[in-house]
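Enquirer: just a sequence and a predicted model for now, questions to come.
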Amino acid sequence: MSPAPAAITGVGAVTPLGVGADVLHERWRAGESGLSDGQGVCEDFDPTKVLSRKEVHRTHRFVQLATVAGDEAIRQAWGGELPYAPERISCILGCAFGGTELVCEQYVSYQRGGEDAVWPLTVPASMGNAPTAMLAIRYGFHGESYCITSACAAAAHAIGDGLSKLRLGHADAVIVGGTEAAVTDYFKTAFKQAGALSRLGVSRPFDKRRDGFVMAEGAGILVLEDPDKARERGARILGYVAGAGSTTEAEHMTAPQQSGEVCALAIRRALEDAELTGDDVNYVNAHGTSTQLNDRAETLALKNALGAHAYGVPISAPKSVIGHSIGAAGGTEAVATLLALRDRTAPPTIGLEQPDDGLDLNYLPDSSAPIESNNGRLVAISNSFAFGGHDSTVVITT
Amino acid sequence: MTVSTTKDQLEKRINEALVEFGADADALKPEATLEELEVDSLDLFELSQILNQEFGLEINPEDFEGVTTLGDAENVLFGYLK
């Protein structure tokens, strides 16, 4: 397979920092947080600005978030007209839970009221592939479309799959990313019971006092195109997905491998896939969940994969300001990574005041920092590590 | 409850439900086609469920087969009134 990159021609995001990719970047760069009361809710989000009343009625919030972010990305890339044959456009999105809570609610309704108490739209509203179906219906894509559910790595896997589809010639364009809307008492409790949620409700990646992640929602979508075809049609190319690498730890269902070796392998694979080395990396968008185990393992993985270069490269953790949106995280973070490269500015890791012992990399605790390179081209990696031991890294370049 | 009263109630609830589903209230006229109103099979399933629950009916959604206008659909539903 050719190591050709995928051209990024459109991005969209809905996060607790607001609606829009630029809002995410600008507010994060300014050190603002979208978290409050121990969670990250997209309070500015109004689905009726993009979806019809019928679409809103029929869809779960995770579908609405994806539709609004997707609409932003597709409009930026293509305006109102598809530049390729519909059957040459695919859509691959990640999510972890989709409409699971709706299914639970309807199960309770069924138990209490029997068949007639079950909402007829339960399945189409809750199924994990509803966002891809929704985007395909709205914009008329006929290429292969599906959902990836690999927890916190789902969106990163989707980006990697999209890159592969383009390289294999299976599509001219692929809509990729992730979405999630599971900031509910039920899901927060489930993560709390598993020991992953911050009991203090504070996200402070790499800080000595970190005690877990803050649950959030959102969606991050990118339009990827065959780079030659994007150039031929005169597209404005925002950057490239130059490589992707994934591994599986095969050790524990929730705890990351503490040596970080398998995470490091995912990072190295992604860089090799992009025909780059650790020394080429100018910026790291960390998974940085604010859990004790992740942040230590990720730090070791970065040292392993990037060597001495790991100590100087600017690293920032978006979950410090937008929390952990699980299946959407890799999508919103890929968007944030691209915009950081565009502005050559790495946003800060908010809340990091007391670096933990051994967590001694350049996590940018105070403020944004310039992203610099020797040759003009900027290279970033965005890490996503998931329950289940799924590790996935995406390489994004200018 | 008289038949005519129940018909009125049913019609009112049908219109409310279709508006909840996204239809334009001003467009809800008997001669309006379901296509014009963007009422599809999922809407009819949901409408049936609501009416079954709230009016104790046992609507078979297959009865909507061949129905093209809102008036026709309402007549199918009125047929379930005893």
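Expert: All right, it came through fine. Numbers count the residues shown, from 1 in each chain, chains lettered A, B, ... in the order given.

Enquirer: run through the residues of chain A sitting next to chain B.
Expert: Proximity of chain A to chain B is confined to A:52-58, A:113, A:116-121, A:124 under the rule CB under 8 Å from any CB of the partner chain. (C-beta placed from N, C-alpha, C; glycine too.)

Enquirer: just the buried members of these?
Expert: Buried by 16 or more other CB atoms under 10 Å in any protein chain shown: A:54-56, A:58, A:116, A:119-121, A:124, out of the residues of chain A next to chain B.

Enquirer: chain B: helices as residue ranges?
Expert: Counting by DSSP state H, one finds helices in chain B at the ranges B:3-21, B:41-55, B:70-78.

Enquirer: if you count neighbours, what's buried in stretch A:156-175?
Expert: Applying 16+ other CB under 10 Å to stretch A:156-175 flags A:156-167, A:171-175 as buried.

Enquirer: swap that for stretch A:294-310, please
Expert: In terms of neighbour count (16+ other CB under 10 Å), stretch A:294-310 has its buried residues at A:294-306, A:309-310.

Enquirer: what residues does it touch?
Expert: Contacts of stretch A:294-310 with the rest of the structure, by CB atoms under 8 Å, 6 or more residues apart in numbering or on different chains, involve A:205-206, A:210, A:256-261, A:263-268, A:271, A:278-279, A:281, A:284, A:286-289, A:311, A:313, A:315, A:356, A:358-361, A:383, A:385.

Enquirer: please export the C-alpha coordinates of it as CSV.
Expert: The C-alpha trace of stretch A:294-310 is given here as CSV (Å, rounded to 0.1, in the frame of the first residue of the first chain):
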residue,chain,number,x,y,z
ASN,A,294,-3.0,6.7,31.7
ASP,A,295,-0.8,9.7,32.2
ARG,A,296,2.1,7.7,33.5
ALA,A,297,1.8,5.1,30.8
GLU,A,298,1.5,7.7,28.1
THR,A,299,4.5,9.6,29.4
LEU,A,300,6.6,6.4,29.3
ALA,A,301,5.2,5.6,25.8
LEU,A,302,6.3,9.0,24.5
LYS,A,303,9.8,8.6,26.0
ASN,A,304,10.0,5.2,24.5
ALA,A,305,8.7,6.2,21.0
LEU,A,306,10.3,9.6,20.7
GLY,A,307,13.5,9.1,22.7
ALA,A,308,15.3,12.1,24.0
HIS,A,309,13.2,14.3,21.7
ALA,A,310,10.2,13.6,23.9
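
Enquirer: could you provide the buried ones among the residues of chain A next to chain B in JSON lines, with additional columns for secondary structure?
Expert: What follows is these, written out as JSON lines (DSSP: H, G, I helix; E, B strand; the rest coil):
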{"residue": "A:K54", "secondary structure": "helix"}
{"residue": "A:E55", "secondary structure": "helix"}
{"residue": "A:V56", "secondary structure": "helix"}
{"residue": "A:R58", "secondary structure": "helix"}
{"residue": "A:D116", "secondary structure": "helix"}
{"residue": "A:W119", "secondary structure": "coil"}
{"residue": "A:P120", "secondary structure": "coil"}
{"residue": "A:L121", "secondary structure": "coil"}
{"residue": "A:P124", "secondary structure": "helix"}
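
Enquirer: can you pick out the most distant pair from those?
Expert: Maximum pairwise distance in these, criterion CB to CB, is 25.1 Å, between A:E55 and A:D116.

Enquirer: and the residues of chain A next to chain B, which is closest to B:N60?
Expert: Once CB to CB is applied, the member of the residues of chain A next to chain B that ends up nearest B:N60 is A:D116, at 12.7 Å.

Enquirer: from A:T59, how far off is the closest one?
Expert: Going from A:D116 to A:T59 by CB to CB, to the nearest Å gives 23 Å.

Enquirer: one more: A:S316?
Expert: 33 Å.

Enquirer: report the contact partners of the closest residue to chain B within the stretch 51-200 of chain A.
Expert: Using CB to the nearest CB, the closest approach of the stretch 51-200 of chain A to chain B is made by A:K54 at 2.7 Å. For A:K54, the contact set (CB under 8 Å, 6+ apart) comprises B:21-23, B:38.

Enquirer: next one: it from A:P16, what distance?
Expert: The gap separating A:K54 from A:P16 is 27 Å, by CB to CB.

Enquirer: low-confidence regions, the stretch 1-150 of chain A specifically.
Expert: Low-confidence segments of the stretch 1-150 of chain A (pLDDT under 70): A:1-2.

Enquirer: how about a cut-off of 90?
Expert: For the stretch 1-150 of chain A, applying pLDDT under 90 flags the ranges A:1-3, A:80, A:116.

Enquirer: tell me which entries of the buried residues of stretch A:294-310 lie within helices.
Expert: Applying DSSP H to the buried residues of stretch A:294-310, the entries found in helices are A:294-306.

Enquirer: could I get the full set of helices for chain A?
Expert: Counting by DSSP H, one finds helices in chain A at the ranges A:21-29, A:53-58, A:61-78, A:100-113, A:122-126, A:130-139, A:154-167, A:185-193, A:227-232, A:261-273, A:292-306, A:319-322, A:329-342.
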